[in-house]
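*Asks:* fold the following.
(one chain, ligands or ions: 1)
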Amino acid sequence: MAATADADEALRIRPAVAADVPAVIALDEEVTVLAKPAYWHDMFERYGARGRRARFFLVAERLDRLKGFVIGETRAWEFGSPPCGWIFAIQVRPKGRLKGVGTQLFNAICDRFRETGVVNVRTMLALDNITILSFFRSQGMMAGPFIELETTLESSADRT
Ligand SMILES: CC(C)(COP(=O)(O)OP(=O)(O)OC[C@H]1O[C@@H](n2cnc3c(N)ncnc32)[C@H](O)[C@@H]1OP(=O)(O)O)[C@@H](O)C(=O)NCCC(=O)NCCS
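*Replies:* Numbering: from 1, shown residues only. Predicted coordinates for the structure are as follows:
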């Protein structure tokens, strides 16, 4: 009965408020098996607090329960790129997946990006994360014109 009521209730997508942060921390810990409270409080300060122009921290809730969240920002001229929307994080509760919540979060943040005047959206993901790759591909995202390069820094001790 409770499950039916939950499914019948419309999903609501809205900007995150400070009271959402503990549920975001719990969801991320459930997904990644790593608790990062300081990181998520900092993300809320940078992307969720009011007055952050072109920065978006949105949550999806149903019956007052957090079902997922997405964070992103419109950035300009980094890496020589014209203004573009960036998605930094998207997560949906494991028990609520494959029901369109991720798609609704993606569409909601794309609407916010559109309002800032951009036409391109980017993200970055681990090559072995097939779930998130399949999800972003399903949203029409494909390999873009940039590639990520990285190196491992020698420790100071190794350099002396
Ligand atoms: C990726 C994620 C956000 C998708 O959320 P979701 O609510 O399940 O997504 P949707 O129901 O809107 O799925 C949309 C489409 O994505 C694709 N997709 C989603 N999950 C998939 C999976 N596990 N395997 C294959 N394709 C998948 C499908 O094409 C799906 O469409 P379909 O249901 O018609 O087949 C969710 O699985 C998640 O939170 N994963 C962990 C996120 C993560 O690793 N984050 C770390 C980086 S921030």
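
*Asks:* all strands of this structure, in order?
*Replies:* Across the chain, reading from the start of the chain, the strands by DSSP state E fall at 12-15, 55-62, 65-75, 84-92, 121-123.

*Asks:* so what's the residue count around T151?
*Replies:* T151 sits with 5 neighbouring residues when counted by other C-beta atoms under 10 Å. For the C-beta atoms, the positions are set from N, CA and C on the backbone; glycine is no exception.

*Asks:* report pLDDT for it.
*Replies:* pLDDT, the model's per-residue confidence, is 97 for T151.

*Asks:* cool, the one 4 residues further on as well?
*Replies:* S155 is assigned a pLDDT of 88 by the prediction.

*Asks:* quick check: residues of this protein near the ligand?
*Replies:* When proximity is defined as C-beta under 6 Å from any ligand atom, the chain approaches the ligand at 31, 89-92, 97-103, 129, 131-132, 134-135, 138.

*Asks:* name the residue of the chain that lies nearest to the ligand.
*Replies:* With C-beta to the nearest ligand atom as the measure, G102 is the residue of the chain nearest to the ligand, at 2.5 Å.

*Asks:* which residue is the nearest non-sequential neighbour of that residue?
*Replies:* Across the structure, with C-beta to C-beta, 6 or more residues apart in numbering as the measure, the residue nearest G102 apart from its sequence neighbours is V92 (4.9 Å).

*Asks:* who does that neighbour form a beta bridge with?
*Replies:* Under DSSP bridges, the beta-bridge partners of V92 are G68.

*Asks:* let me know whether the residue of the chain closest to the ligand touches F69 as I believe.
*Replies:* No. In terms of C-beta atoms under 8 Å, G102 does not count as a neighbour of F69; the distance is 10.4 Å.

*Asks:* which residues are in contact with each of the two?
*Replies:* Common contact partners of G102 and F69 (C-beta atoms under 8 Å, 6 or more residues apart in numbering): I90.

*Asks:* quick check: L98 vs T32, distance?
*Replies:* Distance, L98 to T32, by C-beta to C-beta, to the nearest Å: 19 Å.

*Asks:* low-confidence ranges, this structure, go.
*Replies:* By pLDDT under 70, the weakly predicted segments of the chain are 1-8, 160.

*Asks:* what residues of the longest helix anywhere in the chain count as buried?
*Replies:* Scanning the chain for the helix with the most residues, using DSSP state H, yields helix 101-115. For helix 101-115, a neighbour-count test (16 or more other C-beta atoms under 10 Å) marks 101-102, 104-106, 108-110, 112-113 as buried.
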